[in-house]
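Colleague: Structure of the sequence below:
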Amino acid sequence: MDQTEKLLIGIENVLSIASELVDEVSRLKDVEEECRILKEKLFLKQFSKAEKEVFALALDGHSISEMQEILYKAKDTIKMQRRSILQKLNASSMSEAVQQFKNIS
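Modeller: Sure, this is the predicted structure:
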């Protein structure tokens, strides 16, 4: 076996390993995405359906008055649901609650 053949075999081995690494990185990215989704679901599971709706709007940056219009709910109802969210997360503000959610993602 001459030098050229040895180099070609070496290159083939390197390419094979590189291909396996690319596949593994892709698989790990998929697993990471699945973990992120599961963490988000677990985070949101602690909320009632109504609280999830309010929190989703808070994530999008909506104000209480905007939430009222979107959800067709009274201002006091929205405030009560926001308070409940803050208590469950032990957060002092909705922006802190939103940040907690973003930190798990």
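
Colleague: Return the list of helices and strands in contact with the helix or strand where residue 10 lies.
Modeller: If you go by DSSP states H and E, residue 10 is part of helix 3-45. When contacts are defined as 3 or more CB pairs under 8 Å, 6 or more residues apart in numbering; DSSP states H and E, helix 3-45 sits against helix 94-104. In this view, the C-beta of every residue, glycine as well, is placed from N, C-alpha and C.

Colleague: Remind me what the helix it packs on packs against, helices and strands.
Modeller: helix 3-45, helix 49-59, helix 75-89.

Colleague: so how far is the longest one from its chain's centroid?
Modeller: In terms of CA atoms, centre = their mean, to the nearest Å, the gap separating the centre of helix 3-45 from the centre of its chain is 21 Å.

Colleague: which intervals of this protein have sub-threshold pLDDT?
Modeller: By pLDDT under 70, the chain contains no weakly predicted segment.

Colleague: Which residue ranges make up each domain of this protein?
Modeller: Annotated domains of the chain cover 1-45, 47-105 [automatic domain parsing].

Colleague: Mind putting those domains into TSV with mean neighbour count?
Modeller: Putting the domains of the chain into TSV (neighbours: other CB atoms under 10 Å) gives the following:
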stretch	mean neighbour count
domain 1-45	10
domain 47-105	14
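
Colleague: Now residue 73: phi and psi?
Modeller: In terms of degrees, to the nearest 10, the main-chain angles of residue 73 are phi -120, psi 160.

Colleague: my guess is it contacts residue 65, does it?
Modeller: No. Taking CB atoms under 8 Å as the definition, residue 73 is not a contact partner of residue 65, at 11.2 Å.
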